[in-house]
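Student: kindly return the folded structure for what I paste below:
(2 chains)
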Number of protein chains: 2
Amino acid sequence: MKLQVSVHARNVPGLTQVRSLAFDIFGTVVDWRRTIVREGVQLGSSVDWGSFADEWMQGYRSQVERVRKGERPWANLDALLQETFEGLVVKYKLGKLPAKRVRYLSEAWHRLRPWRDVLPGLARLSKRYTLGTLSNGNMILLTDMKRYSKLPWDCILSAELCERYKPEKEAYTLAASFLGPESTQVMYVASHKWDLTAAAQTVGLRTAFIPRPKEMPGIDPSELKPDPSYDINAKDLMDLATQLGC
Amino acid sequence: MKLQVSVHARNVPGLTQVRSLAFDIFGTVVDWRRTIVREGVQLGSSVDWGSFADEWMQGYRSQVERVRKGERPWANLDALLQETFEGLVVKYKLGKLPAKRVRYLSEAWHRLRPWRDVLPGLARLSKRYTLGTLSNGNMILLTDMKRYSKLPWDCILSAELCERYKPEKEAYTLAASFLGPESTQVMYVASHKWDLTAAAQTVGLRTAFIPRPKEMPGIDPSELKPDPSYDINAKDLMDLATQLGC
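Tutor: Model prediction:
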């Protein structure tokens, strides 16, 4: 009888040093689009909430790019989300809806819900690894989300701490400095290839890719394929825990 | 019959806005001296571990002061603790003891244990308030301690983030910015009056004083007395929870 030998990533050269995992949040850990759609539907039925969510995301991202290019001064994500939201309130005629509930919706990014594999996967990973965020979301947004969605972070790290948005090098340096302190001691977990590749190339973080095909409609299929240039390719956080021997 | 009416601090003007509590760590939350003495005693019986612990604390504090005065460049607390420890290894002749166990002791500040009221007190406070650290300890030290001692922090904030040690204004500004964002939304909880007073005077944080008479021998009794200039004077974190209506 031939025994199936489980090969754990902990035994893969280069990964035995890893002591902490840093997670991208929007898309990788939380399902921002469905959370916003669900909250929107509770508010009113006459709005295309999918388009609303997509425009909210695209709007803040284009402002993040303007900050990165130096076209506007630093502003944290709450500020960029709020100004984008105010434009959408006009475009989608939310002024007709109760003001208090519209204001509540404006903070939906503080209440994003995790994908189904996240809480059980993080519970397994937490036994062996220190778990942190590394997000363009600001500190209070991430802290509120941690409480609301019961995410077991040991440490909240945000681009706000260095006032440089990912994929700027300084943001990844945060994870290395505060969760390492050697960059080879930290594995960055993300669903967007631009983000992972930057983390590896700028500061040498280890990388784990988790595809999230349901993040939004129209994702380029090549963005979902495993890529051997990452240290680990996993289906989800449960699979990541298995591959890391947790 | 006259009913005893419980007056909750939440109803005291000025405290209703508080949404987050930021905690000093060494002395206020964890019993650094007894933890070090306990670990030391396990290592060897021929050392006065109480004096060792006191000198370790005094040594790092004097280096913190040198950083504050600009007499040496920024160095995080792990660096200051390690260099102080190395001097004590010579002075207390720890070279005779097993090197691996001495190295383990050198990281004792990552494993400090909380006072008895802390875990039950924080569990009550966490139901209503966002809980964060605000310590001169560095990020990894605080994050390791959170995991080791199961402290329910939502957010780790450290002087390391701004490279300015308390009582510099910049350190208290962290708590206001990332747990507020208004300074009146954050209450700072500490056992040292110099620290609380600076937090109130420099950035206007609300304040709660918790005396810790057993922190170390020889504390000036006036340092343990309630002071009406603080928003709350509590006996311990359970009493703080009661006074805040949790």
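Student: list the contacts of the longest helix anywhere in chain A.
Tutor: Criterion DSSP state H: the longest helix present in chain A is helix A:49-68. Defining contact as C-beta atoms under 8 Å, 6 or more residues apart in numbering or on different chains, one finds that helix A:49-68 is touched by A:26, A:32-33, A:36-37, A:40-41, A:72-75, A:77, A:80-81, A:83-85, A:87-88, A:91-92, A:136, A:164-165, A:168, A:216-217. (C-beta placed from N, C-alpha, C; glycine too.)
Student: of the residues you listed, buried ones?
Tutor: Buried residues within the contacts of helix A:49-68, counting neighbours by 16 or more other C-beta atoms under 10 Å in any protein chain shown: A:26, A:32-33, A:36-37, A:40, A:75, A:77, A:80-81, A:84-85, A:88, A:92, A:136, A:164-165, A:168, A:216.
Student: can you list the residue ranges for helices in chain A?
Tutor: Going by DSSP H, chain A shows helices at A:32-43, A:49-68, A:77-91, A:99-105, A:118-126, A:139-149, A:169-179, A:193-203, A:237-243.
Student: what packs against the fifth one?
Tutor: Spelled out, that is helix A:118-126. helix A:237-243 (3 or more C-beta pairs under 8 Å, 6 or more residues apart in numbering or on different chains; DSSP states H and E).
Student: residue B:45 versus residue A:51, what's the distance?
Tutor: Going from residue A:51 to residue B:45 by C-beta to C-beta, to the nearest Å gives 72 Å.
Student: okay, the two: which has more neighbours?
Tutor: residue A:51 (13 against 8; other C-beta atoms under 10 Å in any protein chain shown).
Student: who's in contact with residue A:140?
Tutor: A:78, A:110, B:178, B:179, B:180, B:181.
Student: give me the neighbour count for the fourth one.
Tutor: Pointing back at residue B:179 there. Using other C-beta under 10 Å: residue B:179 sits among 28 other residues.
Student: pretty sure it contacts residue B:23?
Tutor: No: using C-beta atoms under 8 Å, residue B:179 is not in contact with residue B:23, being 10.7 Å away.
Student: quickly list what's touching both of the two.
Tutor: Joint contacts of residue B:179 and residue B:23 (C-beta under 8 Å, 6+ apart) are residue B:132.
Student: tell me which residues in the longest helix of chain A are buried?
Tutor: By neighbour count on 16+ other C-beta under 10 Å, the buried set for helix A:49-68 is A:49, A:52, A:53, A:54, A:55, A:56, A:57, A:59, A:60, A:63, A:64, A:67.
Student: again with stretch A:219-232
Tutor: A:219, A:230, A:231, A:232.
Student: how near is the residue nearest to residue A:190 when sequence neighbours are not counted to residue B:74?
Tutor: Nearest residue to residue A:190 in three dimensions, chain neighbours excluded: residue A:24, at 3.7 Å (C-beta to C-beta, 6 or more residues apart in numbering or on different chains). Noted for residue A:24: a distance of 29 Å to residue B:74, by C-beta to C-beta.
Student: need the residues of chain A near chain B, please.
Tutor: Contact residues, chain A versus chain B (C-beta under 8 Å from any C-beta of the partner chain): A:130, A:132, A:139-140, A:143-144, A:146-147, A:154-156, A:160-161, A:177-181.
Student: okay, now the unreliable bits of chain A?
Tutor: A:1-13 (pLDDT under 70).
Student: repeat that for 90
Tutor: A:1-16, A:44-46 (pLDDT under 90).
Student: domain-wise, how is it divided?
Tutor: Listed by automatic domain parsing, the domain ranges of chain A are A:9-31+A:114-243, A:32-110.
Student: count the neighbours of the nearest residue to residue A:30 once chain neighbours are set aside for me.
Tutor: Nearest residue to residue A:30 in three dimensions, chain neighbours excluded: residue A:112, at 3.8 Å (C-beta to C-beta, 6+ apart). Residues within reach of residue A:112, counting by other C-beta under 10 Å, total 25.
Student: my read is that residue A:112 contacts residue A:142, right?
Tutor: No: using C-beta under 8 Å, residue A:112 is not in contact with residue A:142, being 10.0 Å away.
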